[in-house]
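Student: take a look and give me a structure for this.
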Amino acid sequence: MFCMDNRIDCVREYVDNIFDGIGETENKHAAYIHSYGVSQCCALLALKRGLDVELATVMGLLHDVYSYSTGITKWHSHNGAEMVRVAFKHSLAGLFSDDEQILIKSAIFHHSDKDHVHDEYDELLKDSDILQHLSFDAQFGWIQGHRLNNVLKELQLPEPKISILPQKGAIIKPFVQSLVGDIAGTLAKRKIAGEGSDPDFMRLIRYYPEANAINELKNSWCAAFVFHCCFEAGLSLPIRIPDAANKTVKCRFAGVGAWYEWGMENGFCRFENDGFAPERGDIIIYSNIIPNEDKPENSAWHDHIGIVLSADLDYLIVAEGNADNRNVSDIIRRRCGDKVGCYIRIPRDYSYDRWETDFKTGEKRVQTPKNAHGKELRRWRGRQR
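Tutor: Numbers count the residues shown, from 1 in each chain. Below is the predicted model of the structure:
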C-alpha cells in the first residue's frame, strides 16, 4: 500500500480491491454506493456527536465488506468483525492502535442488532446504516423506522413520508442432523479436489473471505467440509466465535480445534467410553489419526474430522473432506474406537446466542423498562460510553 500517511485512503484501497472483484455489476454498484454512503453518514453523525470522524469513516467503509465479498449475509456483522480482525494483521497492519481496532470491530459486530442499544460508536454505525437507506428505501422495519426518525430529529430534519412495517420475529430454520449426513454423503462421493479449479471446493470455502484461503486450506479442509455441510443443514454459526472477552474458541470453524472447543463449551461432545452410540449426522473428531510426518510438530491431538453416515458395533462409515490427508473428499470405512477422540451431537433446537453478548466486555445485556412505543429497551451491564 502506498497510503500509509492517510489511514482512510488505506482502508479505501483495501475496500476497493475487494469490491472491484465482485463479478455482478449490480452487486458491485450496491457495494460501493452503500458502503461509501454509510461512511459519509458516519462522518456526518460523528461531527454532530463529537466523536472521532476518521474512525467513524473507517467503520462505515468496512461494515459490510464480508457480505459483499462472499455473498453471505447470515451473521455478516459477526463475520465482518472477524474479517476485519484478520485485515488488521495483514492488509491494514500497523494503521490502528489496539483500542481503535476494538472500537471498529465492535461497531461492525453489533451493526445488524438495531433492536438494542450499545456503545456510542456502535450506535453511530447502526444509525448511519439506516440513514443511508433513506435515499432508496421507502419502507422500514419497526425499529429501523423509529431509529431513522430519531436520527432525523437529531439533525433537525423533517420526517420523510415512509411506511414503517410492523416488527416481525426472526424465522429460525431448525438444524436437522440427518440432513447433515445426506449432504455430506452426497458431496463426499463426488471426490472433491481441494483445488481452486474444482467448483465444489470453492463453494465449500466461500465462507472464508481472504484471497489466500485456497492455499491455506489445501490439504487441511476437513473442518471446512463439516462447516459447509452443517450450514447447509440449518446450523446457524459465524465462521468464528468472537473472543473479545471470552477467549474460549481461538480459531475458525475451518479448523478442527474450533469444533472441539465449541462442542465442549456447549456440552455437545460425546465419548465412546461413556457408552455413546453415534448416529447419522453426528460429527466425529479423530485423535492423532494423521501420521506425525504429515502434520506440524507439537500438533493438537484433534487432527481430523468428518460426519458419520452409519454405524454398527464394529465399523463406522464416515464422509470426510481431505480424506486420509489426500486433498480429496471420500467416504471412509473405519473401525469403531480406532483413533476416535469424541463425537459432537448438535441439538435440533440449538441457537447461536453470542449476539446477546457485548463485544467489548463479554457481558450479556439486561432488560430495562419499555419506551413510549411499548417496546422493551435493552442496554448492557456495566458502564456505557
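Student: going forward, measure contacts and count neighbours with C-alpha atoms only.
Tutor: Will do.
Student: so how many other residues sit close to the closest residue to residue 77 other than its chain neighbours?
Tutor: Closest residue to residue 77 apart from its sequence neighbours, by Cα to Cα, 6 or more residues apart in numbering: residue 109 at 4.8 Å. For residue 109, the number of neighbouring residues by other Cα atoms under 10 Å comes to 24.
Student: where's residue 109 relative to residue 270, distance?
Tutor: Per Cα to Cα, to the nearest Å, residue 109 is found 32 Å from residue 270.
Student: can you check residue 320 too?
Tutor: 19 Å.
Student: ok, and the closest non-adjacent residue to residue 18?
Tutor: Nearest residue to residue 18, sequence neighbours excluded (Cα to Cα, 6+ apart): residue 69, at 6.3 Å.
Student: residue 209 is in contact with the one you found, correct?
Tutor: Yes - with contact defined as Cα atoms under 8 Å, residue 69 and residue 209 form a contacting pair (6.6 Å).
Student: so between the two, which is more surrounded?
Tutor: Taking other Cα under 10 Å, residue 69 and residue 209 do not tie; residue 69 has more neighbours (23 against 20).
Student: so where does residue 33 fall, helix or strand?
Tutor: helix 25-49 (DSSP states H and E).
Student: for that helix, name the packing helices and strands.
Tutor: Counting by 3 or more Cα pairs under 8 Å, 6 or more residues apart in numbering; DSSP states H and E, the packing neighbours recorded for helix 25-49 are helix 7-19, helix 53-62, helix 120-133.
Student: what helices and strands are in contact with the shortest one?
Tutor: Counting by 3+ Cα pairs under 8 Å, 6+ apart, the packing neighbours recorded for helix 53-62 are helix 7-19, helix 25-49, helix 98-110, helix 120-133.
Student: distance between it and the chain's centre?
Tutor: 20 Å (Cα atoms, centre = their mean, to the nearest Å).
Student: got it, and the first one?
Tutor: For helix 7-19, the distance from its own C-alpha centre to the chain's C-alpha centre is 21 Å (Cα atoms, centre = their mean).
Student: need the longest strand for the protein.
Tutor: strand 302-311 (DSSP state E).
Student: I would like the residues contacting that one, please.
Tutor: 180-182, 184-185, 222-223, 226, 256-257, 260, 278-290, 316-321, 341 (Cα atoms under 8 Å, 6 or more residues apart in numbering).
Student: can you tell me which of the residues you listed are in strands?
Tutor: Of the contacts of strand 302-311, the ones assigned to strands by DSSP E are 283, 284, 285, 286, 287, 316, 317, 318, 319, 320, 341.
Student: what about the fifth one, neighbour count?
Tutor: Same thing as residue 287. 17.
Student: cool, the last one as well?
Tutor: The burial count assigned to residue 341 is 22, neighbours taken as other Cα under 10 Å.
Student: next secondary structure after the helix or strand containing the residue nearest to residue 18?
Tutor: Counting by DSSP H and E, the element that carries residue 69 is helix 65-70. Downstream of helix 65-70, the first helix or strand assigned by DSSP H and E is helix 76-89.
Student: what is the orientation angle of that following helix with helix 98-110?
Tutor: 160 degrees (axes from the mean of the first three to the mean of the last three Cα atoms, to 10 degrees).
Student: let me see the mean pLDDT of helix 76-89.
Tutor: Averaging the model's pLDDT scores along helix 76-89 yields 96.
Student: can you check stretch 185-192 too?
Tutor: Rounded mean pLDDT across stretch 185-192 is 97.
Student: run through this structure and note the low-pLDDT ranges.
Tutor: Along the chain, the model assigns pLDDT under 70 to residues 1-5, 136-143, 164-172, 243-249, 365-385.
Student: show me the domain layout of it.
Tutor: 7-170, 177-344 (automatic domain parsing).
Student: can you give me how far the last one is from the chain middle?
Tutor: Taking the mean of its C-alpha atoms, domain 177-344 sits 18 Å from the chain's own mean (Cα atoms, centre = their mean).
Student: and that domain, end to end?
Tutor: 11 Å.
Student: quick one on the thing from earlier: between the helices and strands packed on helix 53-62, which gets nearest to residue 217?
Tutor: Closest approach to residue 217 among these (Cα to Cα): helix 7-19, 20.2 Å.
Student: what is the closest one packed up against?
Tutor: helix 25-49, helix 53-62, helix 65-70.
Student: tell me the buried residues in it?
Tutor: 7, 8, 10, 11, 12, 13, 14, 15, 18, 19 (16 or more other Cα atoms under 10 Å).
Student: which non-adjacent residue is nearest the second one?
Tutor: On the basis of Cα to Cα, 6+ apart, the spatially nearest residue to residue 8 that is not a chain neighbour turns out to be residue 58, at 6.4 Å.
Student: contacting residues for the residue lying closest to residue 313 once chain neighbours are set aside?
Tutor: Distance criterion Cα to Cα, 6+ apart; nearest residue to residue 313, sequence neighbours excluded, is residue 336 at 7.2 Å. The contact partners of residue 336, by Cα under 8 Å, 6+ apart, come to 313, 314, 315, 316.
Student: need these in a markdown table with distance to residue 195 and neighbour count, can you?
Tutor: A markdown table is the format used below for the contacts of residue 336 (distance: Cα to Cα, whole Å; neighbours: other Cα atoms under 10 Å):
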| residue | distance to residue 195 | neighbour count |
| --- | --- | --- |
| 313 | 36 | 8 |
| 314 | 34 | 9 |
| 315 | 30 | 14 |
| 316 | 28 | 22 |
